[in-house]
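> prediction below, plus the sequence it came from.
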Amino acid sequence: MADPFHTALCERTGCRYPIIQTAMGWVATPDLVIASCQAGALGFLAGAVMTPPELTTAIARVKAVTNAPFGVNFHMFQPGAEEIVDIIIREKVAAVSFGRGPNADMIARFRDAGILTIPTVGALKHAHKVAELGVDMISVQGGEGGGHTGGVATTVLLPQILDEIDIPVVAAGGFGDGRGLAAALAYGAAGIAMGTRFLLCKESPVPPGTKDKYLNARGEDIIVSSKIDGLPQRAILNEKLRKIEQSSPLLRWREAIIAGLELKKQTGASSLELLRSLRSMTAQSEMTLTQAMMAAASPMLIRKAIVEGKPEQGIMASGQVAGRIEEIPSCQELIENIMSDASARIASLCG
């Protein structure tokens with residue numbers, strides 16, 4: 001009998017298990033990627049919140065510790081994006097993930113370099129679009145997922161896309177254990193992608209106080225807000241998010257400007273570079289300039305909670321799965337438990 005866990009994701013990237021550790025901004029650091037990859041998953045560095053020199057250093061750090069395959073996430077509208085693409089190709093990482101941004105020519109460049117392209121989508125129409133651009137695989141995130149998310153549940157969106165798209169699909173949104181992996185494989189997915197579950201691992205850089213907030217969150221505390229940056233975004237309802245939900249458009253715009261100035265300082269980007277990034281975002285999506293400014297600045301609100309350790313003053317992006325997570329294992333323990341549980345579930349179905 002063929003190994004049900006040796007899927008197209010494993011075959012094409014070289015990872016041991018069909019599990020992706022997603023590139024959460026400020027969380028998917030080299031140490032987390034190293035730990036997840038050594039445990040058998042495919043880890044992704046959060047290149048979308050790194051400058052080109054920072055990404056170069058991060059890739060070197062991972063390569064210095066492990067020979068396991070790993071990936072990089074980025075956005076074409078971030079400052080220094082063109083240089084980041086060159087770095088990814090030069091370093092020949094196993095895979096690259098992204099949301100909006102790359103066109104067919106960019107995807108062809110990655111393919112020619114032997115780098116797998118795995119964009120994340122949250123709607124059927126977006127899956128069709130990236131498939132037409134020539135990507136190798138698609139990560140499908142249902143509405144249960146954290147951060148920017150769609151409105152269709154994984155259990156509906158996943159089979160819908162599997163029925164219409166003829167390339168491997170990875171399931172995301174609501175996954176955190178072996179039952180989820182077995183279910184995703186039963187649907188026909190090539191594996192699962194998890195963010196929040198890896199955020200709550202020992203190797204995650206998130207401060208203990210913020211991790212405690214995640215552990216204590218109940219399902220009803222993890223809501224979708226469109227007021228953070230104008231797009232639906234799932235996060236834990238805390239003091240900061242309550243203020244944003246109750247604020248006027250003018251106050252939200254003020255918040256975006258303050259966060260944008262922090263982003264400028266953090267990245268070292270010039271005002272002209274940031275303006276170009278904003279124009280790129282509006283050109284490649286249905287965003288207004290105001291929404292683009294807020295979207296570009298929102299990572300700084302997330303940084304406040306998960307880097308500076310001030311969970312009530314920032315945004316805690318989270319999948320609904322946080323409502324049932326009760327412990328913080330190591331990446332090794334997490335993946336061993338997932339694989340053991342998934343194996344037992346499949347074996348029970350086979351009698």
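Good, I have the coordinates. Quick caveat: nothing in here was measured; it's all calculated off a predicted structure.
> need the strands for the stretch 151-300 of the chain, in chain order.
Along the stretch 151-300 of the chain, counting by DSSP state E, counting those that start in this stretch, strands occupy 169-172, 192-194, 222-225, 233-236.
> residues contacting the last one, please?
For strand 233-236, the external contacting residues (C-beta atoms under 8 Å, 6 or more residues apart in numbering) are 143-149, 213-214, 217, 221-226, 228, 241, 298, 315-320, 322. The C-beta positions use only the backbone N, C-alpha and C, and glycine is treated the same way.
> pull the distance from the host helix or strand of R111 to the chain's centre.
R111 belongs to helix 104-112 when assigned by DSSP states H and E. Averaging C-alpha positions (C-alpha atoms, centre = their mean, to the nearest Å) puts helix 104-112 21 Å from its chain's average.
> other SSEs contacting whichever helix or strand comes after it?
Using DSSP H and E, the helix or strand that follows helix 104-112 in sequence is strand 116-117. In terms of contacts (3 or more C-beta pairs under 8 Å, 6 or more residues apart in numbering; DSSP states H and E), strand 116-117 is packed against strand 95-97, helix 104-112.
> repeat that with 10 Å
If you count contacts as 3 or more C-beta pairs under 10 Å, 6 or more residues apart in numbering; DSSP states H and E, strand 116-117 packs onto helix 8-13, strand 95-97, helix 104-112.
> any idea how far it is from the chain center?
Relative to where its chain is centred, strand 116-117 has its mean C-alpha point 15 Å off (C-alpha atoms, centre = their mean).
> what mean pLDDT does that strand get?
What strand 116-117 shows for mean pLDDT is 98.
> partner strands of that strand, parallel or antiparallel?
Partners of strand 116-117 in the sheet, by DSSP bridges, are strand 95-97 (parallel).
> how deep is S248 tucked in, by neighbour count?
8 (other C-beta atoms under 10 Å).
> then V96?
Counted by other C-beta under 10 Å, the residues lying close to V96 total 28.
> repeat that for L231.
L231 has 18 nearby residues by other C-beta under 10 Å.
> roughly how far apart are it and I19?
27 Å (C-beta to C-beta, to the nearest Å).
> and for I306?
Counting by C-beta to C-beta - I306 and I19 are separated by 22 Å.
> could you do M137 as well?
In terms of C-beta to C-beta, M137 sits 14 Å off from I19.
> domain-wise, how is this structure divided?
8-205+326-349, 208-306 (automatic domain parsing).
> with respect to A2, which of those domains lies nearest?
A2 sits nearest to domain 8-205+326-349 of all those, at 11.6 Å, using C-beta to C-beta.
> follow-up on the earlier one: among the contacts of strand 233-236, which are located in helices?
If you go by DSSP state H, the contacts of strand 233-236 have K213, Y214, L241, S298 in helices.
> ok, M137 and I19, which is more surrounded?
I19 (30 against 24).
> what's the pLDDT at the more buried one?
In this model, I19 carries a pLDDT of 98.
> ok so, going back, relative to V65, which of the ones in helices among the contacts of strand 233-236 is nearest.
When those are ranked by distance to V65 (C-beta to C-beta), Y214 comes first, at 26.4 Å.
> tell me the contacts of that closest one?
Residues in contact with Y214, defined by C-beta atoms under 10 Å, 6 or more residues apart in numbering, are 196, 199-200, 204, 206, 222, 236, 305-306, 311, 316, 318, 322-323, 325, 328.
> tell me the one among the residues you listed nearest to A23.
Closest to A23, out of all of the contacts of Y214 and judged by C-beta to C-beta, is L199, at 11.6 Å.
> give me the nearest residue to that closest one, chain neighbours excluded.
Among residues not flanking L199 along the chain, V27 sits closest, at 5.3 Å (C-beta to C-beta, 6 or more residues apart in numbering).
> any idea how many residues pack against the one you found?
Applying other C-beta under 10 Å, I find that V27 has 23 neighbouring residues.
> that older thread, deepest-packed of the domains of the chain, please.
Mean neighbour count (mean count of other C-beta atoms under 10 Å) peaks for domain 8-205+326-349 among the domains of the chain, with a mean of 21.
> so how far is it off the chain centroid?
7 Å.
> before we move on, what about stretch 4-22?
For stretch 4-22, the separation from the chain centroid amounts to 17 Å (computed by C-alpha atoms, centre = their mean).
> and that stretch, how far apart are its ends?
22 Å (C-alpha to C-alpha, to the nearest Å).
> please apply the same query to stretch 316-334.
22 Å.
> go on, stretch 114-123?
Per C-alpha to C-alpha, the first residue of stretch 114-123 is 27 Å away from its last.
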